[in-house]
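>>> this one's sequence-less:
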């Protein structure tokens, strides 16, 4: 659990100071954030469930809707987000965050803050896509190379009874392989097709 004082300092750093609307949601942030998680953008607006705030941290996107008798919280990590869409109109702007199993639409009247949040989310999504590839390439480069086994050296051995027996065995195998193949009994039989015959014709 993060201290309330740390959350207030982070909100002051990014210039967020909600007086009435959005204040209950901000009070929930100390219970939701993880130690070391930094708040980057907070926008107040509405979604399909009513008014809420959209908070973008350095690790995830949080939708917090706090009402007197219930709390709605949606947590979307950046590696879960498949696409980001931003629509700007005269009065309001809308961001759409799509994942594999759900889509979040959030509309705000502060165009500038929502645009900054959208740019930040797009950058974090691109970074999460490129990071696994770079980590995988580093693991391949740091992986130990397989040791090369020494090539066995053979020496000439005079022909003896054992080697003669091996030669006879090889000739017997070649004789078996050169024998004509036995024809399959199923190859000469015609294909039988069963069908139901009516007694009336």
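Great, that's in hand. Note that the structure is predicted; figures quoted are calculated from it, not measured.
>>> surely residue 56 is within a strand?
Yes: counting by DSSP: H, G, I helix; E, B strand; the rest coil, residue 56 is located in a strand.
>>> and it, how far from residue 90?
25 Å (Cβ to Cβ, to the nearest Å). In this view, the C-beta of every residue, glycine as well, is placed from N, C-alpha and C.
>>> and residue 37, by the same measure?
For residue 37 relative to residue 90 (Cβ to Cβ), the value is 35 Å.
>>> what do you get for residue 41?
Taken as Cβ to Cβ, the span from residue 41 to residue 90 is 23 Å.
>>> between the two, tell me which one has more neighbours.
Using other Cβ atoms under 10 Å, the more surrounded residue of residue 41 and residue 90 is residue 41, with 19 against 6.
>>> wait, a helix at that one?
No: the assignment for residue 41 (three-state DSSP) gives strand, which keeps it out of a helix.
>>> list the contacts for residue 2?
29-30, 33-35, 37 (Cβ atoms under 8 Å, 6 or more residues apart in numbering).
>>> again with residue 109
By Cβ under 8 Å, 6+ apart, the neighbours of residue 109 are 45, 91-93.
>>> kindly report the same for residue 52.
25, 44-46, 63-65, 72, 106.
>>> name the nearest residue to it, sequence neighbours excluded.
residue 65 (3.8 Å; Cβ to Cβ, 6 or more residues apart in numbering).
>>> quick check: the one you found touching residue 46?
No: between residue 65 and residue 46 there is no contact under Cβ atoms under 8 Å: 9.4 Å.
>>> who's more crowded, the two?
It is residue 65, of residue 65 and residue 46, that has more neighbours when counted by other Cβ under 10 Å, with 19 against 16.
>>> in what helix or strand does that one lie?
Assessed by DSSP states H and E, residue 65 sits inside strand 60-67.
>>> go on, residue 95?
Secondary structure (DSSP H and E) places residue 95 in strand 93-98.
>>> what is that strand packed up against?
Here strand 93-98 touches strand 83-88, strand 103-108, helix 111-142, going by 3 or more Cβ pairs under 8 Å, 6 or more residues apart in numbering; DSSP states H and E.
>>> thinking again about what came up before, relative to strand 93-98, how tilted is the strand holding residue 65?
Counting by axes from the mean of the first three to the mean of the last three Cα atoms, to 10 degrees, strand 60-67 lies at 120 degrees to strand 93-98.
>>> what angle separates strand 60-67 from strand 83-88?
60 degrees.
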